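1. Just the structure for this:
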Amino acid sequence: MSSLAKYLQIPSSLYLHEPYRPLYEALPRLPWPALDRATGSRLAAARRRLQDAIQVHGLRIQAREELAGVRAYDQVLVNSYFSRESVLRSYGIDATVCYLGVDIDRYQDKGLSCKRLVVGVGAFIPEKRVEVIIEAVARLKTPRPELAWIGNAEDPSYLRGIVELARRREVTFTPLRNISHEQVVQVLNEAAVLAYAPRLEPFGYPPLEAGACGLPVVAQAEGGVRETVVDGETGLLVESDRELPFALQQILDDPELARRLGAAARRRVQSVWSLPAATDRLESQLMQLVKAGSKPPNVQARPA
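-> Model prediction:
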């Protein structure tokens, strides 16, 4: 057997962050569950219907190719049980959860005095729902804390919109764009709480990065956040936007609660979410696949 043939027989593994959401989420903005009613002249209506048909056709081709690409691997690893469910729903494939990790040598608790500051982390895009956090801070009792948001990517029109919203709602809002890692760690150490409320985030690094810095988290109980934040132990999980201000106020008003949650978050990141632990998990999965010498049961069950 040639070396090339031996190489081609090595099992392959894919670490999949998440399926492309518009291909499987039944949201009103998608073309197939809710096409907009074509209005205006007959020509304009016909042009709109043609554009819709082209968009749907293109997305369905993309969905077909993504499915074929994922099925080409012997093993699919994902970052959370929520992502595992998304892959099953999208592709009909049983993926294996292999949790990621955080560099606890770079994210450290420096023991700094906390400011009356709420911090958020994530790109300045609608999916991160910065406006929801602004509204939550606006509902806190006075004197309100300041809100700082750390992001390394942006939708300019969205950023302008949330800055204007903060002005109208009288929230002191500071966008921290493309700051250094050292500055990120400094802000996480100075803040009183991390607020995190994206929609269906598959994993979400910020709660773990905050925890590594000893910072408690208030987060929406969605997606992978339910696996990285232990409610009442490393942070507070809320079920709806309406509950966010109450959870934030609870931490801001109780320094001992904030200290206890932050310290527990740091310990949990050190024991469960460190890079060495994540590396061990990944190596274990790859070694099991190589030792098996054949495709896992879920791959054998794939349709031809």
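
2. got any ranges where the stretch 201-304 of the chain has weak pLDDT?
-> Within the stretch 201-304 of the chain, the ranges that satisfy pLDDT under 70 run 293-304.

3. Repeat the analysis, applying 90 as the threshold.
-> 289-304 (pLDDT under 90).

4. Tell me where it has helices.
-> Here the stretch 201-304 of the chain has its helices, by DSSP state H, counting those that start in this stretch, at 206-212, 225-228, 244-253, 255-272, 275-292, 297-300.

5. which other residues reach the fourth one?
-> With contact meaning C-beta atoms under 8 Å, 6 or more residues apart in numbering, helix 255-272 is reached by 99, 102, 104, 107, 109, 114, 192-193, 208, 210-217, 230, 233-236, 250-252, 277. C-beta coordinates here come from the backbone N, C-alpha and C atoms, glycine included.

6. For the buried ones among those, write the corresponding ChimeraX selection.
-> Those of these that count as buried under 16 or more other C-beta atoms under 10 Å are selected in ChimeraX with:
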select :99,102,104,107,109,114,192,193,208,210,211,212,213,214,215,216,217,230,234,235,236,251,252,277
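
7. Need phi/psi at Arg89.
-> When quoted as degrees, to the nearest 10, the phi and psi of Arg89 stand at phi -70, psi -40.

8. do you know how far it is from Glu201?
-> 16 Å (C-beta to C-beta, to the nearest Å).

9. in the chain, which spans are strands?
-> 13-16, 75-78, 96-97, 117-121, 146-151, 173-177, 193-196, 217-220, 235-238 (DSSP state E).

10. Need the ones you listed in JSON lines (columns: distance to Glu131).
-> Shown next, in JSON lines, are those (distance: least, C-beta to C-beta, whole Å):
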{"stretch": "strand 13-16", "distance to Glu131": "30"}
{"stretch": "strand 75-78", "distance to Glu131": "29"}
{"stretch": "strand 96-97", "distance to Glu131": "32"}
{"stretch": "strand 117-121", "distance to Glu131": "11"}
{"stretch": "strand 146-151", "distance to Glu131": "11"}
{"stretch": "strand 173-177", "distance to Glu131": "11"}
{"stretch": "strand 193-196", "distance to Glu131": "12"}
{"stretch": "strand 217-220", "distance to Glu131": "14"}
{"stretch": "strand 235-238", "distance to Glu131": "16"}
